[in-house]
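Q: I need the structure of the sequence given here:
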Amino acid sequence: MTTGDRYDEPDWDPEEINQDWYCTTEMGIEETRMLYNAVCGYLEIWPGYPRRPIEEQQYLQYLKSKLFAMLTDYNFTHMS
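A: From the prediction side, this is the model:
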């Protein structure tokens, strides 16, 4: 998969992560937008494999898609 390919799912599987420990957080819409922009910005400058693990890029693409879904949901439910 290429960076920015929004039609393919990443190879990173969140179900494979150790579920013995996890954390949750609450963010407002502005914080969610800032985090989305930070993830997008880092994906643009991501140094690539082998300098960084390929799973990192896959996770960032997964996170970007989840944050985008949150922003889209907010925009849909808060239309004026």
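
Q: Please, which helix or strand holds the residue positioned nearest the centre of the chain?
A: With distances taken as CA atoms, centre = their mean, L63 lies nearest the centre of the chain, 1.5 Å away. Under the criterion of DSSP states H and E, L63 resides in helix 54-77.

Q: in the protein, which segments are predicted with low confidence?
A: 1-12, 14, 80 (pLDDT under 70).

Q: If we use 90, what do you get?
A: Within the chain, the stretches with pLDDT under 90 are 1-24, 79-80.

Q: Quick one: residues contacting the nearest residue to the residue nearest to the centre of the chain once chain neighbours are set aside.
A: The shortest distance from L63 to any non-neighbouring residue, by CB to CB, 6 or more residues apart in numbering, is to V39 (5.6 Å). (C-beta placed from N, C-alpha, C; glycine too.) Shown in contact with V39 (CB atoms under 8 Å, 6 or more residues apart in numbering): 60, 63-64, 67.

Q: in the helix or strand hosting V39, what counts as buried?
A: Using DSSP H and E, V39 falls within helix 29-45. Buried residues in helix 29-45, counted by 16 or more other CB atoms under 10 Å: 35-36, 39.

Q: Closest one of the residues you listed to M27?
A: L35 (7.0 Å; CB to CB).

Q: quick revisit: I'd like the contacts of V39 as JSON lines, with distance to M27 appended.
A: As requested, the contacts of V39 are exported to JSON lines (distance: CB to CB, whole Å):
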{"residue": "L60", "distance to M27": "17"}
{"residue": "L63", "distance to M27": "13"}
{"residue": "K64", "distance to M27": "15"}
{"residue": "L67", "distance to M27": "10"}
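
Q: Mind giving me the ChimeraX select for these, buried ones only?
A: A single ChimeraX command selects the buried members of the contacts of V39 (16+ other CB under 10 Å):
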select :60,63,64,67
